[in-house]
Structures are given as structure tokens and as C-alpha cells.
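> starting from these lines, generate the structure:
(one chain, ligands or ions: 1)
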Amino acid sequence: MAQGEDFMPSERQCALCKAQYEPREVSHIVPKFVYKWLKSTSVTKVMRFGPEMNKRVQDGIKDYFLCEACEDRFGKYEATFASEIFHPFTKNNSHVKSYGDFMLQFAVSVSWRVLAYNKHRLHHFRGRHAEAVDATLKVWSDYLLGRCDGIGTHEMHLLPLCGIVECSSSNVPENINRYLRRVVEIDVVVSDKTAFTYAKLGPLILIGLIAYPDLFHWEGTKISSAGVFPSKDFGASSQLQDYIFSRCNRFAELEAGISERQLQKIKVSYEQNMDELEQSDTYKALLMDLELAKKLKA
Ligand SMILES: [Zn+2]
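Numbers count the residues shown, from 1 in each chain. This is a model prediction of the structure:
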């Protein structure tokens, strides 16, 4: 699909309910409140680091995708998730909250968008798990349209990963806390045996299982129709850890590629915002990485 953002087609079919509609605004793959949060907790209130560097991905998160009725429905799930879970958790990382239906509805709506959007885009993924992808999209759509009550084995898992200060692994990337706290991105992660959607909403990582035979890898992370988030103990697969580490390394490479001129600009805007720097989450994440680096060297 090669439509630029300036070109608005006169009619399209909604990717979820299949109704014909006249596109008025672009749909967001990653909910807007996540970007608002990222901006408001950065130093200069301008997005420069993180997703800004990863511009290709960011550009890909808006498209003409859903009809107004489906947008509205997703908007309701997003509003509840933002006020009940996301904002309290990003303000206070020990926030614990019981949840109802909205949690699974929100999670499925995001994972469905990630998969529906990426189905024909990601090359590494073409052909592999094709049947599982179709089955997953069908179950998630049916659930979102109220045609079934559950999502079977295509489970949702939500991980609160606001940073680490200790790690037994020796190859932990130096920017792990900056990645965990600050990066927003979406992907579909694929191996021979497994496939899942990955939506990194700042410090919350949402996983939607497409094909995943060893469900026991996930402990205390599954979203039910009602429950408490986060659970006291949780664990995820080593495949996810490897994937997260590889993303950290990718971001380090991107950072290393920033021009001298760009760095100078960033430095100046930081110096002009010293008070906000100390209060910002960007700065906190950096301090956590420095702390971790000291411990790993000791
Ligand atoms: Zn629709």
C-alpha cells in the first residue's frame, strides 16, 4: 500500500467490520495517549530520541484503516485503559489495580491492529505461520465484534517492564532501562515454532500470541476477562528476552548514527531545560542505566 498521508481515498472498506466508509481521519496503530505520555515525560517536550529516531516505524503507525464506528469502539477501550492502568502505572510503578472486561478488549484491539497492519508488510513473516495468522485474525476480530466471548489460545500477555537494576545475565545491553522505559514500537516476532505480536507501549509490553505451543513459558502475565494487574510474580520466555536485547542493540546503533550537529542541538535544548531534565523520565531511565552499569562492572 503506497498511500501517502496526504492522499485521502474517497471510500474504503473497514479492516475490522468490512463496512464501506469514507475516511475522515487516519487510524492509529499505537494508541495516541502513549505518544502524548512519551512527549510529556521527555526533557524538552519534543520527541527527539526513541521513536523519533525510529521514524520509519513511527510513520507506519498511521493509516486509513477503520470506520468511525470501529474507531469509536477502540477509543472507549483506550480511554479506560489509559485512566485505569497506563497513567497510574507510569506515574507510580508499584501501582496495582483490579480490572474488568476493558483490559482484554483493549489488548485485543491493539494486537489485532498490529497483526492486521503488518500482515502483508513484514517480509520475514510471509508464508510462515500463514494459517495461524488467519486463524488469529479471525478469532480476534470475532471477539472485537462481539461474535464470541473468548480468544482461545491466541492469548494476550501484558508485562510491566519499567526497568531493571539487577540482572544475572552477562550480556545485558547498556541501554536496557532507556529501552524498557522509553521506547514505543510495534512488531511481529517470529521463530520457526512461535509467532506473536509485540506492542511496546512505553514501560508496558503487550504480547498477542499467534502461534505459541509452550504456553507455560508465560507466568502471571496472561490477561483474563477480569483480574489484577500486575501480578506479584511474572515470567516470560527467553525468546522474548533475546528479542528485547536485540532491540536495545538496534537502538544503540541508531543513537550512534546521530550526527554531530543533531547531538549539539539536543545538548543545547537539554541545557535550556535543566529543571525539567532532572524531573523527566528520560533522565531517570538514563540514571538507571548508569546504576546498572556500575553494578555489572563491580
Ligand atoms: Zn468498522
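
> tell me how far residue 198 lies from residue 122.
As judged by CB to CB, to the nearest Å, residue 198 and residue 122 stand 11 Å apart. The way it works is simple: take the backbone N, C-alpha and C, and place the C-beta from them, glycine included.

> equivalent analysis for residue 12, please.
22 Å.

> the two - which one has more neighbours?
More crowded of residue 12 and residue 122, by other CB atoms under 10 Å: residue 12, with 17 against 14.

> shouldn't that one be in contact with residue 64?
Yes. With contacts counted by CB atoms under 8 Å, residue 12 reaches residue 64, the gap being 5.7 Å.

> quickly find the element holding residue 189.
Residue 189 belongs to strand 184-190 when assigned by DSSP states H and E.

> so the next helix or strand after that strand versus strand 184-190, what angle?
Using DSSP H and E, the helix or strand that follows strand 184-190 in sequence is strand 195-201. If you take axes from the mean of the first three to the mean of the last three CA atoms, to 10 degrees, strand 195-201 sits at 170 degrees to strand 184-190.

> and strand 195-201, how far out from the chain's middle?
Its chain's average C-alpha position is 6 Å from that of strand 195-201, according to CA atoms, centre = their mean, to the nearest Å.

> what's the local residue count around the residue in the stretch 151-298 of the chain positioned nearest to the ion?
The ion sits closest to residue 151 of the stretch 151-298 of the chain, with a gap of 18.9 Å, by CB to the ion. Here the number of neighbours of residue 151 (other CB under 10 Å) works out to 22.

> contacting residues around it?
104, 108, 139, 140, 143 (CB atoms under 8 Å, 6 or more residues apart in numbering).

> distance check, residue 69 against the ion.
Applying CB to the ion, to the nearest Å, the value for residue 69 to the ion is 5 Å.

> now that residue: phi and psi?
Main-chain torsions, residue 69, degrees, to the nearest 10: phi -60, psi -40.

> run a quick check on it versus residue 18, I expect a contact.
No. Applying CB under 8 Å as the test, residue 69 and residue 18 come out as separate, 11.8 Å apart.

> higher neighbour count, the two?
Taking other CB under 10 Å, residue 69 and residue 18 do not tie; residue 69 has more neighbours (13 against 10).

> ok, now which ones touch the more buried one?
17, 19.

> quick one: least confident helix or strand in the chain?
helix 55-59 (a mean of 44; mean pLDDT, DSSP states H and E).

> before we move on, the earlier item: which residues are common contacts for residue 12 and residue 64?
Joint contacts of residue 12 and residue 64 (CB under 8 Å, 6+ apart) are residue 23.

> rewinding a little: the strand holding residue 189 pairs with which strands, parallel or anti?
Here strand 184-190 is paired, per DSSP bridges, with strand 195-201 (antiparallel).

> hmm, who's touching the helix or strand just after the strand it pairs with?
Once the chain leaves strand 195-201, the next helix or strand it forms, by DSSP H and E, is strand 204-211. If you take CB under 8 Å, 6+ apart as the criterion, strand 204-211 is touched by 85-86, 89, 107-108, 110-112, 114-115, 129, 132-133, 136, 140, 153-161, 188, 193-200, 215, 218, 221, 236, 240.

> one step back: I'd like the contacts of residue 151 as JSON lines, with neighbour count and distance to the ion appended.
Shown next, in JSON lines, are these (neighbours: other CB atoms under 10 Å; distance: CB to the ion, whole Å):
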{"residue": "104", "neighbour count": "23", "distance to the ion": "19"}
{"residue": "108", "neighbour count": "23", "distance to the ion": "15"}
{"residue": "139", "neighbour count": "19", "distance to the ion": "17"}
{"residue": "140", "neighbour count": "27", "distance to the ion": "14"}
{"residue": "143", "neighbour count": "20", "distance to the ion": "14"}
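
> closest one of the residues you listed to residue 269?
Nearest to residue 269 among the contacts of residue 151: residue 108, at 39.0 Å, using CB to CB.

> isn't that closest one up against residue 146?
No. Residue 108 is beyond contact range of residue 146, at 11.7 Å (criterion: CB under 8 Å).

> now for residue 37: which residues touch it?
86, 87, 90, 202.

> in the helix or strand hosting residue 35, which residues are buried?
Assigned by DSSP H and E, residue 35 belongs to helix 32-40. Buried residues in helix 32-40, counted by 16 or more other CB atoms under 10 Å: 33, 34, 35, 37, 38.

> give me the low-pLDDT residue ranges for the stretch 101-250 of the chain?
125-126, 165-168 (pLDDT under 70).
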